[in-house]
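1. sequence and predicted structure are below.
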Amino acid sequence: MSTVKIDPESQEFKDTLEKTVRFTDKVVAQFGWAYNPDQEINQGIQYGLTRNKLMHGKRYCPCFFVTGEADDRVCPCPPAIEKEIPEDGVCHCQIFCTPEYAAAQAQEEVIEEVVHQHSRGLSKEECTVLVDKDELDGDELIALLEARDLGMVNFTLVDVREPMEWQMGHIKGADKIIPTSNFFAALDDAKLAQDENVIVYCHVGSRSAHCARILADMGYTKVGNLSYGIVSFPGEKEQ
């Protein structure tokens, strides 16, 4: 393969980049797809497609090495058309996605801004999206606890640490303790419904992640994990 050096400031590159943007516009229109709402992703992929066009003569997917057998990764590549977008809603490079995926991503970006900049409270719809996440950070859990106090969302916050750890301090608003060392018996006593929203946490997030996987394997369908545990939680704690 060619080892041509590419100058992104050259007129040739700029002209080819314009053609690449028109090309990806046509792909989106042809397949009824949408662009990722994150413009940095789109621009980065368009840049990579342009580079490969100049170096190799085709717009190979920039997320893979270009080899002699790379024709199945010419954009839009067959894996994206046949599997990735139909099944996952987005291609491997994430530039192309379904309109539904794009709308969901755009909504998640709004929620991220709300919970991390504390610009306002969550709407009921935003609460529903946030409480369905598999992994949450401390700001997201604070926003959900505030929304639960207002009656906008319902979930059960479960501490999977040991009783001594609970007594030393736990998240204010935690509903139950299901210690990892006695998990299954304590789970029976907790009487959680398999379809209710459950958020689990521990000290640093590892035990709770393990418990979340167990719950999912047992048929619990709405389980979230506080990713980095109580040590990263910036909200109120109590003893």
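-> Looks like it came in fine.
2. can you name every helix or strand that the longest helix seen in the chain contacts?
-> What stands out as the longest helix in the chain, according to DSSP state H, is helix 11-31. For helix 11-31, the packing partners by 3 or more Cβ pairs under 8 Å, 6 or more residues apart in numbering; DSSP states H and E come out as strand 34-35, helix 39-56, strand 96-97. No exception for glycine: its C-beta is placed from N, CA and C like everyone else's.
3. alpha carbons of it, as CSV, please.
-> Extracted C-alpha coordinates of helix 11-31, given in CSV (Å, rounded to 0.1, in the frame of the first residue of the first chain):
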residue,chain,number,x,y,z
GLN,A,11,-5.5,22.6,-1.5
GLU,A,12,-5.7,19.0,-2.7
PHE,A,13,-6.7,17.8,0.7
LYS,A,14,-9.3,20.6,1.2
ASP,A,15,-10.9,19.9,-2.2
THR,A,16,-11.0,16.2,-1.5
LEU,A,17,-12.5,16.8,1.9
GLU,A,18,-15.3,18.8,0.4
LYS,A,19,-16.0,15.9,-2.0
THR,A,20,-16.0,13.5,1.0
VAL,A,21,-18.5,15.6,2.9
ARG,A,22,-20.8,15.6,-0.2
PHE,A,23,-20.3,11.8,-0.4
THR,A,24,-21.3,11.2,3.2
ASP,A,25,-24.3,13.5,2.7
LYS,A,26,-25.4,11.3,-0.2
VAL,A,27,-24.9,8.1,1.9
VAL,A,28,-27.1,9.5,4.7
ALA,A,29,-29.8,10.4,2.2
GLN,A,30,-29.6,7.2,0.2
PHE,A,31,-30.0,4.9,3.2
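4. contact partners of that helix?
-> Outside helix 11-31, the residues within contact range by Cβ atoms under 8 Å, 6 or more residues apart in numbering are 6-7, 33-35, 42, 45-47, 49-50, 53-54, 59, 75-76, 81, 85, 95-96.
5. please name the nearest non-neighbouring residue to Tyr201.
-> Leu226 (3.7 Å; Cβ to Cβ, 6 or more residues apart in numbering).
6. out of the helices and strands packed on helix 11-31, nearest to Phe183?
-> For these, proximity to Phe183 was assessed by Cβ to Cβ; strand 96-97 is nearest, at 38.0 Å.
7. contacts for that closest one?
-> Residues from elsewhere that reach strand 96-97 (Cβ under 8 Å, 6+ apart): 24, 27-28, 31, 33-36, 76, 80, 85, 89-91, 105.
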